[in-house]
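Asker: Let me see the structure of the following:
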Amino acid sequence: MSRSDSADLLASFQEHYDDLLRFLARRLGDVECAADVAQDAYLRLARLQPDLPIDEPRAFVFRVAGNLAIDHLRRVRRLASLHAEELEAADIHDPGSGPEDTLAAGQSLAQLDAALDQLPANARLALLLNRLEGLTHAQIAARLGVSESMVGKYIVQAMRHCRAWRRQRDSQ
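Answerer: Numbering: from 1, shown residues only. Down below sits the predicted model:
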């Protein structure tokens, strides 16, 4: 594809933008997400190597945008599954404040502390930074020197471990 072909590809994108936006909105179920994916598609098309032969520019534009929409949906599903357990755990509240409840809470905290001691350092630290200090995944990732998705995995790992530990203690 020559430089004029690259320009033709971007011109095809602009010419069919309304159709592309409707196509993406149907796939994603959200016009704003569709506009974001369309913008990503434009940037991807603009960065293509000029020597790539493309016979059908419109079909190519729609294919690139469709693939990006699939990637977007996969990312959303993956993040939703990672955070489902976090949201479930966030729904915990203190129903009472009597002496028995205080004693039970102290015992529960001691058990939680013992469970946390068994975790790898990064998983324990990620959970504590998120739950106690309220740091975001991005802030924790910067502090630990890992990716944001790794922070999510650490938190899920820690939550699963703590739940398993609690189930084990409750069954004894």
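
Asker: Leu82 is in what secondary structure piece?
Answerer: Using DSSP states H and E, Leu82 falls within helix 57-89.

Asker: let me redo that: Leu103
Answerer: helix 99-117.

Asker: next helix or strand past that helix?
Answerer: helix 121-131.

Asker: Against which helices or strands is that next one packed?
Answerer: helix 99-117, helix 137-144, helix 148-171 (3 or more Cβ pairs under 8 Å, 6 or more residues apart in numbering; DSSP states H and E). Placement of C-beta: from N, CA and C, glycine included.

Asker: so what does the second one touch, helix or strand wise?
Answerer: With contacts defined as 3+ Cβ pairs under 8 Å, 6+ apart, the secondary structure elements packing on helix 137-144 are helix 121-131, helix 148-171.

Asker: in the longest one, what's buried?
Answerer: The one in question is helix 148-171. Neighbour-count burial for helix 148-171, counted by 16 or more other Cβ atoms under 10 Å, picks out 150-159, 161-162, 165.

Asker: contacts for that helix?
Answerer: 79, 82-83, 85-86, 89, 111-112, 114-116, 118-120, 122-124, 126-127, 130, 137-138, 140-141, 144, 146 (Cβ atoms under 8 Å, 6 or more residues apart in numbering).

Asker: Next one: Ser12 relative to His72, how far apart?
Answerer: 22 Å (Cβ to Cβ, to the nearest Å).
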